[in-house]
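K.L.:
show me the folded form of this:
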Amino acid sequence: MKKAALRLGLAALLAAWLPVSAQAAPPREVRLDYAYYAPTSLVLKQQGLLERALEPQGITVKWVFSQGSNRSLEYLNGGSTDFASTAGLAAVLSRANGAPIRTVYVASRPEWTALVVPKNSPIARLEDLKGKKVAATKGTDPFLFLLQSLQQVGLDKSAVEIVHLQHPDGRVALERGDVAAWAGLDPLMAGSELQAGSRLLYRNIDFNSYGVLSVSETFAERQPELIRQVIAAYEQARQWAIANPDALAELLAEQAKLPLEVARLQLSRTDFSNPQPGAEHVAALKAAAPILLDEQLVRPGTDVARVVDELIAPQLAAQVIGQPATTAGR
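P.N.:
Purely as a prediction, here's the structure:
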């Protein structure tokens, strides 16, 4: 009896020492967002790739629609979803301000934002925005794009009147003439170009951060195998998207209720070739770090470079894609 009791005691002690990930059972449901700015999420949802992969384990899939990175991060940080489709800089901003998230996959490299003005606007240069109203969605890539663009010509956010609107409302405000410019987001931006004659005032691919997939640290620790399965499904969707550009445009047009030419314009600005988080992505995010500090979007003294290193977690994607993890992310 004493030996049995000792064995039970040792077993209990070892269980307490085991990492959480070794003890966590798979959930009965996994929750993901989908968004028109994240085309592979539409493929994943429409084709039921993840549902088929998880069905043998008895795991169901719940989809939540996201209008922008800020909403996506709200859902993730509030516990409504397990995976968030966001812009890379938005994820950096979220982690820098205390949200314990990890970026585990790169869905695409889109040029999904630019500064947009109405068809007949007299505005010709970034400097002309001084004193004008500009619509933007706070905490998203377009918002940060706006700040970086202004900084290029020696202006900060106080030089313009930023009108904080969700992306669809920003487009409406631009086309109604309620604002002089809009930090646009595809496919709404492409739609405004083709349907309302709106003009791209300023473009800069280097100010567009990658479209990424993030999870909470707790989920990353407890469910690494499930994350690998989600990444594998995303890889199927990505490869299908590359092989079927016309069908992808048709899917985006159908789902987002867009004219086909709008979907094609959006996708013409989207690169699906590099899904493995790596040094390239880390460098791009670190290059944008100064704007977060200069504009006081993070706490003074925040080491944004360290935040980026802690955010990027390439190992799980590397195990699926078969490329070495080469970043400082853990």
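
K.L.:
excluding its backbone neighbours, what's nearest residue 136?
P.N.:
Nearest residue to residue 136 in three dimensions, chain neighbours excluded: residue 183, at 4.0 Å (Cβ to Cβ, 6 or more residues apart in numbering). Just so you know, the C-beta spots here come from the backbone N, C-alpha and C atoms, and that holds for glycine as well.

K.L.:
typo on my end, it should be residue 222
P.N.:
residue 24 (3.7 Å).

K.L.:
residues near the one you found, how many?
P.N.:
Residue 24 sits with 16 neighbouring residues when counted by other Cβ atoms under 10 Å.

K.L.:
from residue 87, how far out is it?
P.N.:
Residue 24 sits 29 Å away from residue 87, going by Cβ to Cβ, to the nearest Å.

K.L.:
can you check residue 188 too?
P.N.:
In terms of Cβ to Cβ, residue 188 sits 15 Å off from residue 87.

K.L.:
likewise for residue 249?
P.N.:
22 Å.

K.L.:
higher neighbour count, the two?
P.N.:
Shown here are residue 249 and residue 87; by other Cβ under 10 Å, residue 87 has more neighbours (31 against 22).

K.L.:
backbone dihedrals for the residue nearest to residue 136, both of them.
P.N.:
phi -80, psi 100 (degrees, to the nearest 10).

K.L.:
pretty sure it is touching residue 138, no?
P.N.:
No: applying Cβ atoms under 8 Å as the test, residue 183 and residue 138 come out as separate, 10.2 Å apart.

K.L.:
ok, residue 162 - contacts?
P.N.:
133, 134, 135, 136, 138, 143, 146 (Cβ atoms under 8 Å, 6 or more residues apart in numbering).

K.L.:
identify the bridge partners of it.
P.N.:
Residues in a beta bridge with residue 162, per DSSP bridges, are residue 134.

K.L.:
tell me the pLDDT at it?
P.N.:
The per-residue pLDDT reported for residue 162 equals 98.

K.L.:
repeat that for the one 5 residues further on.
P.N.:
The score at residue 167 is 92. That number is its pLDDT.

K.L.:
surely it and residue 67 touch.
P.N.:
Yes: applying Cβ under 8 Å as the test, residue 167 and residue 67 come out as touching, 6.2 Å apart.

K.L.:
which one of the two is surrounded by more residues?
P.N.:
Neighbour comparison, residue 167 and residue 67: the larger count goes to residue 167, with 27 against 19 (by other Cβ under 10 Å).

K.L.:
list the contacts of the more buried one.
P.N.:
By Cβ under 8 Å, 6+ apart, residue 167 lies in contact with 67, 68, 137, 140, 142, 184, 185, 188.

K.L.:
skipping adjacent residues, who's closest to it in space?
P.N.:
Once flanking residues are discounted, residue 167 sits nearest to residue 185: 4.6 Å by Cβ to Cβ, 6+ apart.

K.L.:
give me the neighbour count for the one you found.
P.N.:
33.

K.L.:
likewise for residue 166?
P.N.:
17.

K.L.:
what does residue 47 give?
P.N.:
Neighbours of residue 47 (other Cβ under 10 Å): 15.

K.L.:
ok, it touching residue 234?
P.N.:
No: contact criterion Cβ under 8 Å: residue 47 and residue 234 do not qualify, at 11.6 Å.

K.L.:
distance between the ends of stretch 32-44?
P.N.:
Stretch 32-44 has an end-to-end distance of 10 Å (Cα to Cα, to the nearest Å).

K.L.:
please shift the residue numbers so they start at 611 in all later answers.
P.N.:
All right, first residue 611 from here; so that's stretch 642-654.

K.L.:
could you point out which element follows the longest strand belonging to the chain?
P.N.:
What stands out as the longest strand in the chain, according to DSSP state E, is strand 711-720. Remark: after strand 711-720, the chain's next helix or strand is strand 725-727, criterion DSSP states H and E.

K.L.:
and that next one, average pLDDT?
P.N.:
Rounded mean pLDDT across strand 725-727 is 98.

K.L.:
partner strands of that strand and their direction?
P.N.:
Per DSSP bridges, strand 725-727 is paired in its sheet with strand 791-793 (antiparallel), strand 809-812 (antiparallel).

K.L.:
flag every buried residue along the last one.
P.N.:
Put plainly, it is strand 809-812. The neighbour-count check on strand 809-812 (16 or more other Cβ atoms under 10 Å) flags 809, 811, 812 as buried.

K.L.:
quick one: contacts of the following helix or strand past it?
P.N.:
Reading on from strand 809-812 to the C-terminus, the next helix or strand found by DSSP H and E is strand 821-826. When contacts are defined by Cβ under 8 Å, 6+ apart, strand 821-826 is touched by residues 647-648, 683, 686-687, 692-698, 701, 710-720, 722, 837, 840-841, 844, 887, 891, 921.

K.L.:
one more: stretch 898-911?
P.N.:
Residues contacting stretch 898-911 (Cβ under 8 Å, 6+ apart): 699, 702-703, 706-707, 754, 757-758, 761, 766-767, 817, 819, 912, 914-915, 917-918.
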